[in-house]
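Peer 1: Need coordinates for the following:
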Amino acid sequence: MLLLLLVLLAVLLPGGDNQEASPGPTSFHIIQISAFANSTWTKHCGSGWLGDLQIHGWDSDTGTAIFLKPWSKGNLSDVEVAEMDNIFQCYYFGFTREVQEHIFDFQFKYQSIGGCELQSGGAIVSSWKGAVGGLDFLSINTTCWPAPGPSSSRAEKVCEIFAKYKGIFDTVEHLLYETCPRFLLSVLEAGKVDLQRQVKPKTWLSSGPSPEPGHVLLVCHVSGFYPKPVWMMWMRGQQEQQGTQQGDFLPNADGTWNLRTTLEVAAGEAAGLACRVKHSSLGGQDLVLYWGRSIPIGLVILAITVPALIFLLGLVLWFWRRR
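Peer 2: This next block holds a predicted model:
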């Protein structure tokens, strides 16, 4: 289920890993994972995501949302938040009841991601996509559509439930087209300071083990940056190196991110390569780290002689004051 959640986020949420800059999140989505073991036992897992940032969890025991950020409620009042909780409880209760009564293929799993996105022109577009048993996909816009294919029977049954029991479909429509747009604008405003913060990355180079003799693995590290979108590439002059491999984004406890890119080259070809980093916090000034660039001998001499001269001057002044 966790793997499915990550795949859904990667495919369906807007944005990309190699964006040079980002205006911040523009979408709010809820991920639902429901497991039906038999006609009486079911388990719901839910989470709310602003872009790729999780801001809500779901307490399946009490059927209430868990607010993970101080601003996760947006600018809504406690009464409005309670009304939203009631809507979700009605949805989960009705969905569970109808599935248990009409779908008898137990060990049934349903996964969905639904929400809304603020587009560049100011319009807000809502959508809901679901997967039945990890195979059959369906979408809900103004109606329910099972995806065509040889394994669409379960999706068709789910759509039949939505069509037959108008209350469930009306609840989903209300969440998508009324609640979600209003909540998205509200939470973007309430979390603006946190969402628009800029933290500059720390960068360094290292080498890693190469699987091929006579080659070297160049590693470029970028750490502690926010927001998440960043662009990293190994370069030779202005030429991007197509063998660059990007790792996974790794989160820090403070909400910042870590990332690394690697490039395997023949040992004699490493000279002249550089890692270029673009991030919105850098104000348009790219970070460029050169591999193996030697320090000029003049700087080495200067780094040695200046501290020595300062020390000697201090020693002379100390003796002069003693006398």
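Peer 1: Dump stretch 220-230 to CSV, restricted to CA.
Peer 2: Taking Å, rounded to 0.1, in the frame of the first residue of the first chain, the C-alpha atoms of stretch 220-230 are listed here in CSV:
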residue,chain,number,x,y,z
CYS,A,220,27.6,15.7,-6.1
HIS,A,221,25.7,16.3,-2.8
VAL,A,222,23.1,19.0,-2.2
SER,A,223,21.7,19.1,1.3
GLY,A,224,19.3,21.1,3.5
PHE,A,225,17.4,23.0,0.8
TYR,A,226,13.8,24.1,0.5
PRO,A,227,11.6,24.1,-1.4
LYS,A,228,12.0,20.7,-3.0
PRO,A,229,12.3,21.5,-6.7
VAL,A,230,16.0,21.6,-7.6
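Peer 1: Can you list the low-confidence ranges for the stretch 51-200 of the chain?
Peer 2: Applying pLDDT under 70 to the stretch 51-200 of the chain flags the ranges 102-108, 133-138, 140-143, 148-154, 158, 161-162, 165, 168.
Peer 1: and F225, what does it touch?
Peer 2: Neighbour list for F225: V199, K200, P201, K202, T256, W257, L259, H279, S281 [criterion: Cβ atoms under 8 Å, 6 or more residues apart in numbering]. Where you see a C-beta, it was placed from the backbone N, CA and C, and this is true even at glycine.
Peer 1: could those go into a markdown table alongside neighbour count?
Peer 2: Converted to a markdown table, the contacts of F225 look like this (neighbours: other Cβ atoms under 10 Å):
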| residue | neighbour count |
| --- | --- |
| V199 | 16 |
| K200 | 14 |
| P201 | 21 |
| K202 | 13 |
| T256 | 18 |
| W257 | 19 |
| L259 | 20 |
| H279 | 27 |
| S281 | 14 |
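Peer 1: can you count the residues close to the nearest residue to D194 once chain neighbours are set aside?
Peer 2: Take D194 and drop its neighbours on the chain: the residue closest to it by Cβ to Cβ, 6 or more residues apart in numbering is W71, 6.7 Å away. By other Cβ atoms under 10 Å, 19 other residues sit near W71.
Peer 1: what sits against W71?
Peer 2: Here W71 is in contact with V187, A190, G191, D194 (criterion: Cβ under 8 Å, 6+ apart).
Peer 1: Wasn't it part of a strand?
Peer 2: No - under the criterion used here (DSSP: H, G, I helix; E, B strand; the rest coil), W71 is coil, not part of a strand.
Peer 1: Show me the helices in the stretch 201-323 of the chain, by range?
Peer 2: 297-322 (DSSP state H, counting those that start in this stretch).
Peer 1: so where's it uncertain?
Peer 2: Using pLDDT under 70, the stretch 201-323 of the chain drops low at 293-306, 308, 318, 323.
Peer 1: on that earlier part again, if we take the contacts of F225, which one ends up nearest to A35?
Peer 2: Within the contacts of F225, distances to A35 taken as Cβ to Cβ reach their minimum at W257, with 31.1 Å.
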